[in-house]
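*Asks:* how would this look folded up:
(one chain, ligands or ions: 1)
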Amino acid sequence: MAEHISWSDDLLVGVEAIDSDHKKLFELMNRLLASPTHGATAVSQAIGDLSSYTKRHFAAEIASMERSAYPERSAHAYEHDHLIFQLENIIDRLMISGADAVDGELSNLLRDWLCNHIMTFDVKYAAFLRESGQTG
Ligand code: FEO
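*Replies:* Numbers count the residues shown, from 1 in each chain. Below you'll find the predicted structure:
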């Protein structure tokens, strides 16, 4: 599970608070992917950090959408909930059966979230903010 996921500026959406959170999430994801080589405590810590930061980021994004009256916030929130469900499912199996049991699956989910969610949903929200003259 040691595959590193590299940050790319192609993932910038152009809203500072969101981009800054995404970069932090990359750091936490890579810490989790590298954690099995540092033992069970490191895995547990990395899971907790990623999970809580992801939820915090999603909540902050949805709060921003509510403030800016983003018309597609419900669909965006649904995507967040689905991603959290998938992440927690993998984490549960990782905690029960070990990192080898979810080898590749977690990095695929994280990459999928990065590539698809940010580049589709978050970019769209950032464009809405710019077009409506708001900063989030
Ligand atoms: Fe940055 Fe919609 O998550």
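
*Asks:* which elements pack onto the one helix or strand in the chain whose mean pLDDT sits lowest?
*Replies:* Every helix and strand in the chain was compared by mean pLDDT, DSSP states H and E; the lowest is helix 105-112, with a mean of 81. If you count contacts as 3 or more CB pairs under 8 Å, 6 or more residues apart in numbering; DSSP states H and E, helix 105-112 packs onto helix 16-34, helix 73-97. Any C-beta I mention is one placed from the backbone N, CA and C, and that applies to glycine too.

*Asks:* turn these into a markdown table, including mean pLDDT.
*Replies:* Formatted as a markdown table, the helices and strands packed on helix 105-112 follow (pLDDT from 0 to 100):
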| stretch | mean pLDDT |
| --- | --- |
| helix 16-34 | 92 |
| helix 73-97 | 91 |
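
*Asks:* so which of these is the most packed in?
*Replies:* Among those, helix 16-34 has the highest mean neighbour count (mean count of other CB atoms under 10 Å), at a mean of 18.

*Asks:* chain center to that helix, what's the gap?
*Replies:* Its chain's average C-alpha position is 7 Å from that of helix 16-34, according to CA atoms, centre = their mean, to the nearest Å.

*Asks:* now the helix or strand following it: average pLDDT?
*Replies:* Using DSSP states H and E, the helix or strand that follows helix 16-34 in sequence is helix 40-67. On average, the pLDDT along helix 40-67 is 93.

*Asks:* could you export the least confident helix or strand of the chain as PDB, CA atoms only?
*Replies:* The C-alpha trace of helix 105-112 is given here as PDB (Å, rounded to 0.1, in the frame of the first residue of the first chain):
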ATOM      1  CA  GLU A 105      -8.000  -0.400  -3.500                       C
ATOM      2  CA  LEU A 106      -7.400   2.500  -1.200                       C
ATOM      3  CA  SER A 107      -4.900   4.300  -3.500                       C
ATOM      4  CA  ASN A 108      -7.400   3.700  -6.300                       C
ATOM      5  CA  LEU A 109     -10.200   5.300  -4.300                       C
ATOM      6  CA  LEU A 110      -8.000   8.200  -3.300                       C
ATOM      7  CA  ARG A 111      -6.900   8.800  -6.900                       C
ATOM      8  CA  ASP A 112     -10.400   8.400  -8.100                       C
END
